[in-house]
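Undergrad: Here is a sequence together with a model predicted from it:
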Amino acid sequence: MLFPYWTEQRIDWRQRLLLMSGILLLVAARFYISLGEQIHPDEAYYWVWSRYLDWAYYDQGPGVAWYIAMFTHLFQESWWVLKLAALVALAVVMALLWSAGRLLGLGWHRSTIVVVLFYLTPGVFLGSDLIMHDTPFLMAWMLATWSMLHYLRHRRAVYLYVMFVAIGLGALSKHSMAIFVMAWLLWLVFQKHEYYLWRSPHVWVGALIVLVLLTPIWIWNLDHNWDQIDAIRYLRSAGGGQRQSSTGSLIFGQLFLFSPLWFLAFALLWFYLLYRFFRELQWPPLRRLWREHNLRTFLRLFSIEVRQQLTNWWMVSRRDGQLVNISIAEQELNRRSALWFIFWQASFVILFFVVMSRTSVVQANWLIPGWPAILLLMGAYLPFHKGALHLVRSVWQKGYGALILLGSLPAIGISLFALYGYQIDQQLGLRLPDQAFLQFRTAGYREMIAQLEQVRRQKYPNAILIANRYQDAAIAEWYLRDTRPGRVASMNISQKNQYSYWPSLEKGQDYLIFASSENGLTPVDPFLFIWLDYMFESVTTADEQTVTHQGVLVKKYRYWYARNFRMAWYEVLQIYLDRLAILDLMPSMRGYNKHLKAANAAASGDNLMTRMLRLQKCYEPDYLEMLGNWLLNKQSAPRCEAHKLL
């Protein structure tokens, strides 16, 4: 299968200078738009990683921490430095994407259009100024793609080594780099004339290089009982990987993060390319079965043919990887390989996460590594570049190009609403709910931390500020980095993240504990109320506080002054399960209790565990007193006043 047409014109230094100037202008525009924004909680979390460098971390490898540390050591720990680190990566990805388009034969014009489309996708435009673990990961992914296309174009082994180095660096930032390897292997299975790579020493040496580059991850996991396997298995970055389907939300998210019309354009192109793929099968029996719609026999023979091809790979003639004078037929073969490499990369990323979403929570932004390949495929069929319009012979190609260009309108509209939704709502009088304004998600954190620190200094100078959620702890450490240097710990009740491996509560110490919600609708961490009375000698609960921004309620938070830390939350739960759970499971063992009849309790399911999960009301006084005597070994337990707030 061929592209509609290829472009081989040379690019002079003026065009390259114009391209780089355009990329820098787009990056500068994104930096200007981000002025006035507060730091995102996840940005603060990875910035905290960079302050305490390690071989790896529970969530991911050390790539993002090392990348941030490089910028903060060269400059300083400030907001603009984090934005600089994120936008430098954006510029690198855009430059590599443009070069990849040139290697595919898209020419100067179509390659430039692809870069602009990538920049305008809402997922990239809105997230490109955030420093996340995806930031160095996308650079490595794009470098690996670019180097593989370079190899297919020039057949020089050095580009294979560049690809494997990029794979190793990408895996240090995010485990999803394994998807690139799986897509590469899938492409290799279906490219019979590339089977010589199975025997190439360059490939096996490159694989060894990847394993060596992953040494920091091996070291960390050996020291921590291979805990990263649990993080991958339970999808820690998605909030726990609940066993539920998220396919609908994944597809719906692509419509907004990628653009509805571009999503439709790629779906049409994907089915067309898949149709051409089966038409180009070189195995006559399979082609006949495909045309006869005999799917079961087709799949059986197809798997047999693939196995035979893999077992006979050594019979394919080897190439030395250093071809200089490539014939026209060889160029055409290389172009086919490059096209199918991009096709399988885009397809496998989508199919992998769609299949995963059937049983797990998959976030829409996880598909972003496949977007460059998608846009390269779409750009290959754009009928827009100098001197090529006369080659467009069909109406559908013109319509397809128009569909892609029109797709930029909803993409720009989604980005504008995400950035200026409140202003648009005020001008048009839409009266949308406050939670619809994504621009306020990071607003209010600075004011919240300033108020908490003021309370701590004035009322509780001996207390240490500590958060429950890791996002709150990271945000507090960011805004207090100049006034109160040092770590802000996280209690991590019912959570596991990198803070689980860092120092937290110390026995006998007083703490000012705080928790927040990201908007004005959700309650402030009610699950926290249950544990504090058992963890500390005494707890004073403050009223719920709010933070407004431009008249919109953007944050709710609450703090507790807790004296004399006694035991961690998991120790409380362990004692309950060891000593008291049987009293809930077998009510007849409690004996007579005038406030809590065993029969009524058993019928209503009124036990400690259900109360913790339902968060309905405080326990009966005598039963609570019994729990206090068992847990804290004192005469009378404190009344559960905090629970009444629920």
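TA: Perfect, I can see it now.
Undergrad: Next secondary structure after the helix ranked longest in the chain?
TA: Looking across the chain with DSSP state H, the single longest helix is helix 328-356. Proceeding N to C from helix 328-356, the next assigned helix or strand is helix 371-380, under DSSP states H and E.
Undergrad: in the helix or strand following that next one, what's buried?
TA: On the C-terminal side of helix 371-380, the nearest following helix or strand under DSSP H and E is helix 395-406. Within helix 395-406, the residues that count as buried by 16 or more other CB atoms under 10 Å are Tyr400, Gly401, Leu403, Ile404. Where C-beta positions appear, they are placed from N, C-alpha and C, glycine not excepted.
Undergrad: tell me the angle helix 395-406 makes with helix 371-380.
TA: Put simply, helix 395-406 runs at 140 degrees to helix 371-380, going by axes from the mean of the first three to the mean of the last three CA atoms, to 10 degrees.
Undergrad: Please name every helix or strand in contact with the very next helix or strand once past helix 395-406.
TA: Counting by DSSP H and E, the next helix or strand C-terminal to helix 395-406 is helix 408-428. On a contact count with 3 or more CB pairs under 8 Å, 6 or more residues apart in numbering; DSSP states H and E, helix 408-428 meets helix 107-120, helix 122-127, helix 260-279.
Undergrad: List of residues touching the second one?
TA: Spelled out, that is helix 122-127. Contacting residues not belonging to helix 122-127 are listed as 30, 90, 118-119, 134, 256-259, 364-365, 368, 371, 411, 414-415, 418-419, 438 [CB atoms under 8 Å, 6 or more residues apart in numbering].
Undergrad: Also the longest one?
TA: Contacting residues not belonging to helix 260-279 are listed as 1, 117, 121, 254-255, 287, 290, 340, 343, 346-347, 374, 377-378, 381, 400, 403-404, 406-407, 409-411 [CB under 8 Å, 6+ apart].
Undergrad: Just the CA atoms from stretch 248-266 would do, formatted as PDB, please.
TA: Written as PDB, here are the backbone C-alpha positions of stretch 248-266 (Å, rounded to 0.1, in the frame of the first residue of the first chain):
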ATOM      1  CA  GLY A 248     -17.400   4.400  27.500                       C
ATOM      2  CA  SER A 249     -15.600   7.200  29.500                       C
ATOM      3  CA  LEU A 250     -12.400   6.400  27.600                       C
ATOM      4  CA  ILE A 251     -14.000   6.900  24.200                       C
ATOM      5  CA  PHE A 252     -15.900   9.900  25.500                       C
ATOM      6  CA  GLY A 253     -12.700  11.400  26.800                       C
ATOM      7  CA  GLN A 254     -11.000  11.000  23.400                       C
ATOM      8  CA  LEU A 255     -13.700  13.100  21.800                       C
ATOM      9  CA  PHE A 256     -12.800  16.000  24.100                       C
ATOM     10  CA  LEU A 257      -9.100  15.500  24.500                       C
ATOM     11  CA  PHE A 258      -8.300  14.700  20.800                       C
ATOM     12  CA  SER A 259     -11.200  16.500  19.000                       C
ATOM     13  CA  PRO A 260     -14.500  14.900  17.900                       C
ATOM     14  CA  LEU A 261     -13.900  15.300  14.100                       C
ATOM     15  CA  TRP A 262     -10.300  14.100  14.300                       C
ATOM     16  CA  PHE A 263     -11.400  11.100  16.200                       C
ATOM     17  CA  LEU A 264     -13.900  10.400  13.400                       C
ATOM     18  CA  ALA A 265     -11.300  11.000  10.700                       C
ATOM     19  CA  PHE A 266      -8.900   8.600  12.200                       C
END
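Undergrad: Show me what the mean pLDDT comes to for it.
TA: Confidence over stretch 248-266 (mean pLDDT, whole number) is 90.
Undergrad: How about it, which residues are buried there?
TA: Buried residues in stretch 248-266, counting neighbours by 16+ other CB under 10 Å, are found at 250, 253-259, 261-263, 265-266.
Undergrad: returning to that earlier point: restricted to buried residues, select the contacts of helix 260-279 in PyMOL.
TA: The buried residues among the contacts of helix 260-279 can be selected in PyMOL (16+ other CB under 10 Å) with this line:
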select buried, resi 117+121+254+255+290+340+343+346+347+374+377+378+381+400+403+404+407+410+411
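Undergrad: thinking again about what came up before, of the helices and strands packed on helix 408-428, which approaches Trp79 most closely?
TA: helix 122-127 (16.5 Å; CB to CB).
Undergrad: what's the next secondary structure element after the closest one?
TA: Per DSSP H and E, the first helix or strand lying C-terminal to helix 122-127 is helix 134-154.
Undergrad: ok, then the element right after that next one?
TA: The element immediately downstream of helix 134-154 (helix or strand, assigned by DSSP H and E) is helix 157-173.
Undergrad: For that following helix, name the packing helices and strands.
TA: Helix 157-173 makes packing contacts with helix 63-74, helix 134-154, helix 177-189, helix 201-213, helix 215-223 when contacts are defined by 3+ CB pairs under 8 Å, 6+ apart.
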